[in-house]
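Q: pasted the sequence and its predicted model underneath.
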Amino acid sequence: MKYLLKHGHLIIDGNKEYLDGSVLVNDERIEDVFIHSNKVDELEYDECIDCSGKIIMPGFFDVCNDNLDYMNGVVLNMSQESNQRVYLNYENDKNNVGDRKIFIRNSNVSGDELDEKVTGISNLFVDMKPLSHNSNTLVNAAFTNKYYIEIDSNELNDITLKLVVDNIDKNKIMLMSNNKHKIGEQIKRLFKLRVKLTDIVLYSSLNACRLYNLDKQYGSISKGKYADLLILDDELNINKILYKGKIYD
């Protein structure tokens, strides 16, 4: 099937957004992207989806759960990449992890104990020593911008969440879900705090795709990539989902 997503507010990636953009989808892939263009009226397609007043953005990458919950916008998850990562408390033996990426979570270790093997800090602030003015806690280490940071934004109050998004490298923040807090709910929370839509795409999709070397196929909207896309209303409620080029309401 060939679909045209026509005249939506298009969030391409972490840098580019356009108030009038259209996406031509052919089977599983994005065939072309049109910005402020009347050429779309000349295209041939099987079905047109009017996206006026809607937002078009890449599908979510869930860095925590293993469920491929595409009805909630998740088009990639860690079950597909499980051999590439491991969670450690770091008090335990950290040998024999091979080439997998090490994330530290729920730990009271010092930031000084981390070494170059550590990729990131997961579930930031939860069951960790707090940010300190005179010692290097794990939370302090998160603000050095050396590590990727996984957050459940609904676990943090507004002040703490703003502290994270305003002071940690936007290219290193990734959203993680749990059974209560889906990524779709988290992005609405961020949006209410006036976080930019381009940054939300980084947190919910592109940063994780880059970390796991999947950004050639996923995580942004460009020709040749998989047509895993979300159509949302102006409050970021999911209206339609394209998963591998198929439409789900």
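A: Thanks, I have it. Residues are numbered from 1 along each chain as shown.

Q: OK, contacts around residue 221?
A: Contact partners of residue 221, counting by Cβ atoms under 8 Å, 6 or more residues apart in numbering, are 10-13, 23, 30, 33, 56-58, 229. C-beta coordinates here come from the backbone N, C-alpha and C atoms, glycine included.

Q: could you do residue 119 as well?
A: With Cβ under 8 Å, 6+ apart, residue 119 has these contacts: 85, 101-103, 147-148, 211.

Q: at 10 Å what do you get?
A: For residue 119, the contact set (Cβ atoms under 10 Å, 6 or more residues apart in numbering) comprises 84-86, 100-104, 146-148, 211.

Q: mind listing which of these are in helices?
A: Using DSSP state H, residue 211 are the members of the contacts of residue 119 that sit in helices.

Q: next, format the contacts of residue 221 as a markdown table and append secondary structure, distance to residue 74 and pLDDT.
A: As requested, the contacts of residue 221 are exported to a markdown table (DSSP: H, G, I helix; E, B strand; the rest coil; distance: Cβ to Cβ, whole Å; pLDDT from 0 to 100):
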| residue | secondary structure | distance to residue 74 | pLDDT |
| --- | --- | --- | --- |
| 10 | strand | 21 | 98 |
| 11 | strand | 17 | 97 |
| 12 | coil | 20 | 97 |
| 13 | coil | 18 | 96 |
| 23 | strand | 20 | 97 |
| 30 | strand | 19 | 96 |
| 33 | strand | 23 | 96 |
| 56 | strand | 17 | 98 |
| 57 | strand | 13 | 97 |
| 58 | strand | 11 | 97 |
| 229 | strand | 13 | 96 |
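
Q: for the contacts of residue 119, work out which two are farthest apart.
A: 84 and 146 (19.4 Å; Cβ to Cβ).

Q: by mean pLDDT, which helix or strand of this protein comes out lowest?
A: None of the helices or strands of the chain scores lower by mean pLDDT, DSSP states H and E than strand 85-88, at a mean of 74.

Q: quick one: contacts of it?
A: 63-64, 78, 94, 96-98, 100-107, 109, 117-120, 122-123, 150, 211-212.

Q: double-check that residue 24 belongs to a helix.
A: No. Using DSSP: H, G, I helix; E, B strand; the rest coil, the assignment for residue 24 is strand, not a helix.

Q: tell me the phi and psi of the residue sitting nearest the centre point of the chain?
A: Nearest to the geometric centre of the chain sits residue 204, at 1.6 Å (Cα atoms, centre = their mean). Residue 204 adopts backbone torsions of phi -90, psi -10, taken as degrees, to the nearest 10.

Q: and the helices in this structure, which stretches?
A: Listed in chain order, the helices of the chain (DSSP H) span 138-142, 158-167, 183-192, 197-201, 207-211.

Q: kind regards, and thank you for your time.
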